[in-house]
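K.L.:
structure, please.
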Amino acid sequence: MNYKKHYDRLIEKSRNRILEGYVEKHHILPKCLGGTDEKYNIAILTPEEHFLAHQLLIKIYPGNRDLVYAVQLMTTHQTNARINNKLFGWLRKQMAIAMSAQTKKWLLENEHPKGMLGKHHKLENIDKITTGIKQTAIEKRIEVYAYNLDGIFYKKYNSLIECAFDLKTNASNVKYTAEGKFGHCKQKQLRYEFFENILPYIKPSPLKGKKKTEEHKRNQSIAMTGRKRTTEWCEAHSNAMKEYHLKKRKTNE
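P.N.:
Model (predicted):
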C-alpha cells in the first residue's frame, strides 16, 4: 500500500475546508524530521484524522522512535487494549470539553493568576520581576519531576524553562501544573522542589593579602627572560581571572 499517497491526500483534503468545533494542529513534516512551526507546515485536522496521520507517518518512516513515541503519548495509556480512530477522537473531544469547563470554573473561583486577565505589566514592573527571578536563580535551584498519567516517573529537569522546552509548552503551564492548579500538562503530571543553591568552594589564593617580595619578583623576571607568553596562554589567563572575579562578586553579594 502506498502510505505516502494516502498521507498526502489527507493533508490536501485539510487545505480546502473550514472545520467547526474541536480541531487539532498537525505538523505535516514532523519536527523530528526537520519540520518547523511555520504556517505552511501546519494542517488543521479532526482528532480522528490527526491520529490516522501519525499512524501513516510510522508506516512511511518505519523505525523512527520519535514518531512511535508520539502516537503512544496520544493514546495516553500503557495497556494492550486496542484503541481505534473513532474512540480516540471521542476521548480527545471529551477531554477538551472537560479541561475547558475545569479552567473556566477555576478562573471563576480563583480569578486569573496574579489578577492579570486582560492586563499588561508596566516596563518598570517587568524589570523588577526579571531582577527577582535572576536573584532567585542565584540563591536557589529548582528540580522539576515529570510523571506519566499512570504515575510512572518520566524525567527530571533542572528548571521550568528546560521542562517547558522539552514538553513544547511554556513555563507558566509547567509552574501551575506543578502547583496543582492544572491537572496535567502535555499528558504529564508535574511536581517541583526548591533547594538552597550552595556556591562552589573557591580555594583562596596563597598570595591573598600579601605582597610579592623583591626576591620573588626578581626570580620571576629571571625565569621569563628571553621568553614570551603565547596568545593561548594570555587568553586562558584572562578568562580565568574574569571567572575568578565574577565568583568573588557573587560571594560578596
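K.L.:
so Leu19 makes contact with Pro47?
P.N.:
No: with contact defined as CB atoms under 8 Å, Leu19 and Pro47 do not form a contacting pair (10.9 Å). Every residue, glycine included, has its C-beta placed from N, CA and C.
K.L.:
and these two? which has more neighbours close in?
P.N.:
Using other CB atoms under 10 Å, the more surrounded residue of Leu19 and Pro47 is Pro47, with 21 against 12.
K.L.:
any idea of the pLDDT on that one?
P.N.:
You'll see Pro47 listed with a pLDDT of 85.
K.L.:
state the distance from it to Lys86.
P.N.:
Pro47 is 10 Å from Lys86, where distance means CB to CB, to the nearest Å.
K.L.:
kindly report the same for Lys155.
P.N.:
Relative to Lys86, and taking CB to CB, Lys155 is found at 32 Å.
K.L.:
assign the residue nearest to Tyr176 when sequence neighbours are not counted to helix, strand or coil.
P.N.:
Counting by CB to CB, 6 or more residues apart in numbering, Tyr176 lies nearest to Phe182, which is 4.9 Å off, once chain neighbours are set aside. Secondary structure state of Phe182, per DSSP: H, G, I helix; E, B strand; the rest coil, is coil.
K.L.:
so Phe182 touches Lys175, yeah?
P.N.:
No: if you go by CB under 8 Å, Phe182 and Lys175 don't touch, sitting 9.3 Å apart.
K.L.:
any stretches of the protein with poor pLDDT?
P.N.:
Residues of the chain meeting the criterion pLDDT under 70: 75-85, 87-99, 101-118, 133-140, 196-209, 253.
K.L.:
can you rerun that using 90?
P.N.:
1-3, 13-25, 30-40, 46-52, 54-144, 146-156, 158-253 (pLDDT under 90).
K.L.:
domain ranges for it?
P.N.:
In the domain annotation for the chain, the residue ranges read 3-107, 126-196, 214-252 (automatic domain parsing).
K.L.:
how about the strands in the stretch 151-253 of the chain?
P.N.:
For the stretch 151-253 of the chain, applying DSSP state E, counting those that start in this stretch gives strands covering 153-157, 188-196.
K.L.:
run a quick neighbour tally on Ile142.
P.N.:
By other CB under 10 Å, the residues close to Ile142 number 19.
K.L.:
kindly report the same for Pro62.
P.N.:
Pro62 has 10 nearby residues by other CB under 10 Å.
K.L.:
how about Leu45?
P.N.:
Using other CB under 10 Å, the number of residues around Leu45 comes to 20.
K.L.:
thinking it is in contact with Arg17, fair?
P.N.:
No: if you go by CB under 8 Å, Leu45 and Arg17 don't touch, sitting 10.4 Å apart.
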